[in-house]
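In: here is a sequence together with a model predicted from it:
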Amino acid sequence: MTGLSSCGSSDSGYIINVSYDPTRELYEEYNQLFAEHWKQQTGNDIEVIQSHGGSGKQALEVANGLDADVVTLALEADIDAVKDAGLIDGDFVDEFPLDSSPYTSAIVFLVRKDNPKNIHDWNDLLRDDVGVITPNPKTSGGARWNYLAAWYYFEKQGQSEQQIEDSIKKLYQNVLVLDSGARGATTSFVENRQGDVLIAWENEAFLSLEENSGDYEIVVPSASILCQPTVAIVDEVVDMRDTRDVAEEYLNYLYSKKAQELEAKWYYRPTDESVLEKYEYQKDSNVIKDIPQDGKWIVTSVDLTDISHFGGWKEATKKHFADGGIFDSIYEK
């Protein structure tokens, strides 16, 4: 189990949220907000124990016996692995609003100050002089979103399926480090100074910009994908531990106005339209050099596809990421 930490103290119980790499900061604060809400609502204290790692790896940990009352993973397909292990009943996608996706993200590029390699879109990542950092789609949900965003861009350029495969193959030939999760990839790029461009969740890129002011820039490509991290109750665990009520409220409260504001603060796209509008980016440029002073960071002028374009996660996983799929055929270790 990676990155397990607790929040608050409890007299009357706890729940475990197994999440993915880039949500650490969000849930550290959300868990406190939720504990206050739960205390106000019920009079009881609640402790939330948190675990983070590559999303696919986290899903396998839960499927293999890591207790989790709730999972808040990078994509629906990872939660399918928990369901396939017999731990989730019914259709979890319909259990909470908006396909059980309380916040979203998109895929952007993080480049070094002044963008020395002049990277502006996906085609620039195919150049011989560009070193790319992105995590491994076999273990990271974020990495799968990265891959599909690139695929969509090359498709929009009018490339045939074979040409798209060739483009994606060239992109991965330029990958210097294939970390197991999104946070590890950020560490490789930011702390270890590897590569010229990091393909990243929006929230990871903006956090890096915030924490390293003046060292990086965000480049928003012309085409990307709307990432829908998915949440679910782990039925077998909550029934065994008698925590269903608190687990359900924990996930429901992610849709509240207070939580949506918090999600925007940590650079996730709120699904509440009225909150999202407050954070819409006001400039025309696709390069963001500093955190906007007015707090408006969400670029809405990008061509965003979604997973339905790829036939849903089951189809996308089978075609691209399963053993023997396209990724295996194009990536040479």
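Out: Arrived safely, thanks for sending.
In: all helices of this structure, in order?
Out: Remark: helices assigned in the chain by DSSP state H are 24-42, 55-63, 76-84, 97-100, 141-156, 161-173, 182-190, 202-211, 235-241, 244-252, 257-265, 273-278, 312-316, 326-330.
In: now the ones you listed as CSV including distance to residue 113 and mean neighbour count?
Out: The way it works is simple: take the backbone N, C-alpha and C, and place the C-beta from them, glycine included. Output for the helices of the chain, formatted as CSV (distance: least, C-beta to C-beta, whole Å; neighbours: other C-beta atoms under 10 Å):
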stretch, distance to residue 113, mean neighbour count
helix 24-42, 23, 17
helix 55-63, 30, 25
helix 76-84, 34, 22
helix 97-100, 37, 16
helix 141-156, 22, 25
helix 161-173, 23, 16
helix 182-190, 12, 24
helix 202-211, 11, 21
helix 235-241, 46, 17
helix 244-252, 39, 18
helix 257-265, 25, 19
helix 273-278, 29, 13
helix 312-316, 35, 16
helix 326-330, 32, 16
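In: out of these, which gets nearest to residue 13?
Out: Between residue 13 and the helices of the chain, the tightest spacing by C-beta to C-beta is seen for helix 244-252, at 7.0 Å.
In: wait, isn't residue 314 in contact with residue 80?
Out: Yes: counting by C-beta atoms under 8 Å, residue 314 touches residue 80, with 7.3 Å between them.
In: dump the helices of the chain to JSON lines, plus distance to residue 291 and mean pLDDT.
Out: Supplementary listing: the helices of the chain in JSON lines, determined by distance: least, C-beta to C-beta, whole Å; pLDDT from 0 to 100:
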{"stretch": "helix 24-42", "distance to residue 291": "14", "mean pLDDT": "97"}
{"stretch": "helix 55-63", "distance to residue 291": "26", "mean pLDDT": "95"}
{"stretch": "helix 76-84", "distance to residue 291": "30", "mean pLDDT": "95"}
{"stretch": "helix 97-100", "distance to residue 291": "27", "mean pLDDT": "96"}
{"stretch": "helix 141-156", "distance to residue 291": "21", "mean pLDDT": "97"}
{"stretch": "helix 161-173", "distance to residue 291": "28", "mean pLDDT": "98"}
{"stretch": "helix 182-190", "distance to residue 291": "15", "mean pLDDT": "94"}
{"stretch": "helix 202-211", "distance to residue 291": "5", "mean pLDDT": "94"}
{"stretch": "helix 235-241", "distance to residue 291": "38", "mean pLDDT": "96"}
{"stretch": "helix 244-252", "distance to residue 291": "29", "mean pLDDT": "98"}
{"stretch": "helix 257-265", "distance to residue 291": "11", "mean pLDDT": "97"}
{"stretch": "helix 273-278", "distance to residue 291": "15", "mean pLDDT": "96"}
{"stretch": "helix 312-316", "distance to residue 291": "32", "mean pLDDT": "95"}
{"stretch": "helix 326-330", "distance to residue 291": "34", "mean pLDDT": "96"}
